[in-house]
Each structure stands twice: as structure tokens, then as C-alpha cells.
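[1] Build me a model from this:
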Amino acid sequence: RLHMKAFRAQARAATGPWQPQRSLTPQRTFALCGPLRPRVVLVDMPDDSVERPLLMDKVDFTFGGGPSVSTDDLDDQTMREAEALIVRRCHIGARELARTSDRLKLVLRVGVGVDNIDAAACRQRGVILSNIPGAWVEEVADHTLYLLLALLRRTEDLQQVVRSGGWTMAASEAHQRMRRARGLTMGIVGVGRHRDGLPPAGPA
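    Reported below is the predicted structural model:
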């Protein structure tokens, strides 16, 4: 809206009262006035291979450098210009927010929990704190299914037997404790997206 108002003011000054049929398209208006490109800082992401292709035409990226990076590793200019911080495990609290400016509008945690982010400090600064509720649902569900099968087939017991030096009677005992998945009923204790990510019928 600000860009449209500025363009209309320029148009009135140059050609008289603004007429809707003579207005430029929004794309051309942004080209004249300059695109709005927020500065997004990926603080401790492993890389930007996912975010950059999706958003490179909409925002300017600053890649922090890797998963071991914290805001302490970022220079003051980067922190002042940041309009959004995208983090995984690094801490964001009052001290880190103090290095930012009023331009900062969003702290996004790539994951479900926000334990590493001071929600009260964000609220005090008027910064939106957000997460990704659907993150890692498939990964957790897959791993749950793997652990279930590992318990049924005693893979950990058999692995320890082999690592200890052989395929002995102990291995036969581990074999005897194996169970077949077919015909069993799988009970899921839990709620939320991770539970829903499991196959409804479990192992076929």
C-alpha cells in the first residue's frame, strides 16, 4: 500500500489526478519503487539448500555457516539488519535480541519445541516466535516403526552376540525370543502428529 500511495503521488504530480485505468500493474510499481526483500538470517542451519531455492526470489539470505554457529558468531551489521532469524538449537534470549534492531519481526525455530528461545523476551520486544509443528513427523514415525521391529526380532541381542565373538548357543536363545509381527496387534500410546505418522496397520 505504501508503494502504491507513493506511486500515485508521483503520478499526480506528473500527469494530474490519478486515474485507475492509467495505473501501472503492481509488478511495475514494485520495479519503480524497489522490491520489498526482507533480510533472513539462517543462524545455525546445516545449509541453505532447502530454503534458498524456495525463497531466493522473495528474501535476501544470510547463511550463518553451519550447525555449530550461534548469534555470537554473526557480526553486528548482520544482526541489526535481520528481519527474521531462523534457528535450530542455538539460544535466543534477551542478550541476543539486544543486538538486533526494530527491524526484527520473527524468530522461527525449525522444529517443534521452542525450549532454546526465550518467549518472554520475544514478547517484550514485539517479536513473533514461531515453530514448525509438522517437523520430523515422518522421521520419528519411521524410527518408531524400526524400534518396534527391532524389539520383535531381537536385533540388538543378536548384534551383541556377533560382536562378542561368535554365533553360539546364546544366539539360539536370542532366536527363541524372536516374535513374528504378523498376527500381532500394535498398540500406540501417544497423541499428536507423530502418532498419526505411523502406518495404521503397522507391519503387514
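[2] Next, count neighbours for Gln159.
    By other Cβ atoms under 10 Å, 12 other residues sit near Gln159. In this view, the C-beta of every residue, glycine as well, is placed from N, C-alpha and C.
[3] Which elements pack onto the host helix or strand of it?
    For Gln159, the host element (DSSP states H and E) is helix 155-163. Packed against helix 155-163 by the contact rule (3 or more Cβ pairs under 8 Å, 6 or more residues apart in numbering; DSSP states H and E) you find helix 169-176.
[4] what does the following helix or strand past the helix it packs on rub up against?
    Following helix 169-176 in sequence order, the next helix or strand is helix 193-196 (DSSP H and E). Applying Cβ atoms under 8 Å, 6 or more residues apart in numbering, the external contacts of helix 193-196 come out as 133-134, 137, 140-141, 144, 188.
[5] among these, which are in helices?
    If you go by DSSP state H, the contacts of helix 193-196 have 137, 140-141, 144 in helices.
[6] can you tell me how far the closest residue to Pro38 other than its chain neighbours sits from Asp60?
    If the residues on either side of it in the chain are set aside, Pro38 comes closest to Glu83, at 4.2 Å by Cβ to Cβ, 6 or more residues apart in numbering. Computed as Cβ to Cβ, to the nearest Å, the Glu83 to Asp60 distance reads 9 Å.
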